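Chemist: Please work out how this folds:
(2 chains)
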Amino acid sequence: GAGVSQTPSNKVTEKGKYVELRCDPISGHTALYWYRQSLGQGPEFLIYFQGTGAADDSGLPNDRFFAVRPEGSVSTLKIQRTERGDSAVYLCASSLGTSLPPDTQYFGPGTRLTVL
Amino acid sequence: AQSVTQLGSHVSVSEGALVLLRCNYSSSVPPYLFWYVQYPNQGLQLLLKYTSAATLVKGINGFEAEFKKSETSFHLTKPSAHMSDAAEYFCAVSVEQGSQGNLIFGKGTKLSVKP
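Modeler: Below is the predicted model of the structure:
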């Protein structure tokens, strides 16, 4: 079946601009995660949705970052007034979110964001 | 707070040799532990996970890892490396036991396999 998809695959923008990154999770997955991976680093947690609500947004670095999941499926990560330090690969993952121990998180291919 | 340390940012082995990638964790509660692999230009793929059942966990592609509480380790091994194993490997710990919370990843170890 289809995996997690992310669009665009690459995004180049100028400092100060607004960007939106989209994630389509695996159908039926109620949990959705956003991570950020900088060069030479492991993925760093940003925000986690259970259904439509953000269950944990403690990883968002500041108020320029915001994410939504209005219908409990597709999610959009929004970054305002982009800075060069925001350049990274943004990863989305989804899981069934219904059982214990934690379900496997399935990752998308990522969106590479470059802020000039 | 939970954390993960991967010793060695780059490991090189010969084809057919043992692969050993090291991971140590820090957690105040019994953890859930994961190994993911990232091939070039691809997304992260789960290799295996420890969820408090058997301490020796077998994963895909011949990899396995052993949870050692006394050493706070979860090292990844494979008896015989193959060229196709060349990739970056990430160890991760789940933040909260029994929840669907996020993962905390190590910095990764890049595995090179020489012919």
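
Chemist: going forward, measure contacts between C-alpha atoms and count neighbours the same way
Modeler: Noted.

Chemist: Around residue 63, how many other residues sit close by?
Modeler: In the absence of a named chain, chain A is used. Number of residues near residue A:63 (other CA atoms under 10 Å in any protein chain shown) recorded here: 8.

Chemist: Actually, chain B is the one I wanted.
Modeler: 20.

Chemist: do the same with the one 4 residues further on
Modeler: Residues near residue B:67, counting by other CA under 10 Å, number 23.

Chemist: Could you pull up the residues touching residue B:109?
Modeler: Residue B:109 makes contact with B:6, B:7, B:8, B:9, B:10, B:11, B:21, B:88, B:89, B:90 under the criterion CA atoms under 8 Å, 6 or more residues apart in numbering or on different chains.

Chemist: can you do 10 Å?
Modeler: Contact partners of residue B:109, counting by CA atoms under 10 Å, 6 or more residues apart in numbering or on different chains, are A:40-42, B:6-11, B:21-23, B:37, B:87-91.

Chemist: With adjacent residues omitted, what lies nearest to it?
Modeler: Nearest in space to residue B:109, with sequence neighbours left out and distances taken as CA to CA, 6 or more residues apart in numbering or on different chains, is residue B:9 at 4.4 Å.

Chemist: was I right about the one you found contacting residue B:112?
Modeler: No. If you go by CA atoms under 10 Å, residue B:9 and residue B:112 don't touch, sitting 11.0 Å apart.

Chemist: Out of these two, name the residue with the larger neighbour count.
Modeler: Counted by other CA under 10 Å, residue B:9 and residue B:112 do not tie: residue B:112 has more neighbours, with 20 against 15.

Chemist: Can I take it that that one is in a strand?
Modeler: Yes. Assessed by DSSP: H, G, I helix; E, B strand; the rest coil, residue B:112 belongs to a strand.

Chemist: quick one on the thing from earlier: and the contacts of residue B:109, which of them are in strands?
Modeler: B:6-7, B:10-11, B:21-23, B:37, B:87-91 (DSSP state E).

Chemist: so the residue nearest the centre of chain B is in which element?
Modeler: The centroid of chain B falls nearest to residue B:35 when counting by CA atoms, centre = their mean (3.3 Å). Element membership for residue B:35, per DSSP states H and E: strand B:33-38.

Chemist: Is the helix or strand just after that strand in proximity to chain A?
Modeler: Scanning forward in sequence from strand B:33-38 by DSSP H and E, the next helix or strand is strand B:44-50. Yes. Contact of strand B:44-50 with chain A (CA under 10 Å from any CA of the partner chain) involves B:44, B:45, B:46, B:48, B:49, B:50.

Chemist: strand partners of strand B:44-50, parallel vs antiparallel please.
Modeler: Paired with strand B:44-50 in the same sheet, following DSSP bridges, are strand B:33-38 (antiparallel).

Chemist: Off-centre distance for the strand it pairs with?
Modeler: Relative to its parent chain, strand B:33-38 has a centroid offset of 5 Å by CA atoms, centre = their mean, to the nearest Å.

Chemist: got it, and stretch B:8-16?
Modeler: Per CA atoms, centre = their mean, the displacement of stretch B:8-16 from the mean C-alpha position of its chain is 14 Å.

Chemist: Any buried residues in it, and which?
Modeler: For stretch B:8-16, a neighbour-count test (16 or more other CA atoms under 10 Å in any protein chain shown) marks B:11, B:13, B:15 as buried.

Chemist: wait, is residue B:61 part of a strand?
Modeler: No. Assessed by three-state DSSP, residue B:61 does not belong to a strand; its assignment is helix.

Chemist: what's the nearest residue to it if we skip its chain neighbours?
Modeler: Of all residues not flanking residue B:61 in the chain, residue B:47 sits nearest, at 7.9 Å (CA to CA, 6+ apart).
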